[in-house]
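Student: no sequence for this one, just the structure:
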């Protein structure tokens, strides 16, 4: 597997000169490699942009919830200033409830983020395990093929030895 082409590689690349200019095969090979690298970069960029858009949307929803909670707290504080002691107790109760709700929302968001990260890690481990199992299977198949080849070679040499013995017995 070749290493990805860097912008510095592109800038510093010097092609061998031939009688009629650059070696077209070498230039084509280099450009093909660049094309593959850039294609991979665009694919990854697209994935990251989609993930970024999703996270921005989620962040906006949390900011809206935060704004709502702040507005609720301000309203509760203003009404607490103008009410009697019973109204103050009710306002304090609403503030506490709003804080609990905000904390609960934040905890849920953090739990979702942690679950997502855990799933990503699990999928990476699963992919690695799959690669290892696949490599083991390929190795096993190669061993079977090698064994079959050795068996065929042994069978061929046994036939040759039998033919020689028959010739010696007839002579």
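Tutor: Received the coordinates, thanks. Model, not experiment: these values are computed from the prediction.

Student: from now on I want contacts and neighbour counts done on CA atoms only, so please keep to that.
Tutor: Noted.

Student: name the residues of stretch 97-108 that come out as buried.
Tutor: By neighbour count with 16 or more other C-alpha atoms under 10 Å, stretch 97-108 contains the buried residues 98, 99, 102.

Student: which strands or helices does the strand or helix carrying the first one pack on?
Tutor: The secondary structure element spanning residue 98 is helix 85-170 (assigned by DSSP states H and E). Here helix 85-170 touches helix 24-82, going by 3 or more C-alpha pairs under 8 Å, 6 or more residues apart in numbering; DSSP states H and E.

Student: tell me what the helix it packs on is packed against?
Tutor: Helix 24-82 packs on helix 85-170, going by 3+ C-alpha pairs under 8 Å, 6+ apart.

Student: related to what we said a few turns ago, quick check: angle from the helix holding residue 98 to helix 24-82?
Tutor: Orientation check (axes from the mean of the first three to the mean of the last three C-alpha atoms, to 10 degrees): helix 85-170 against helix 24-82 gives 160 degrees.

Student: change the start of the numbering to 51 and stick with it
Tutor: Sure thing, new numbering starts at 51, so read that last one as helix 135-220.

Student: let's test this: mean pLDDT of helix 135-220, rounded?
Tutor: Averaging pLDDT along helix 135-220 gives 88.

Student: off-centre distance for that helix?
Tutor: 13 Å (C-alpha atoms, centre = their mean, to the nearest Å).

Student: please apply the same query to stretch 89-107.
Tutor: 12 Å.

Student: cool, stretch 83-94 as well?
Tutor: On C-alpha atoms, centre = their mean, the centre of stretch 83-94 falls 16 Å from that of its chain.

Student: mind listing what's buried in it?
Tutor: 83, 84, 87.
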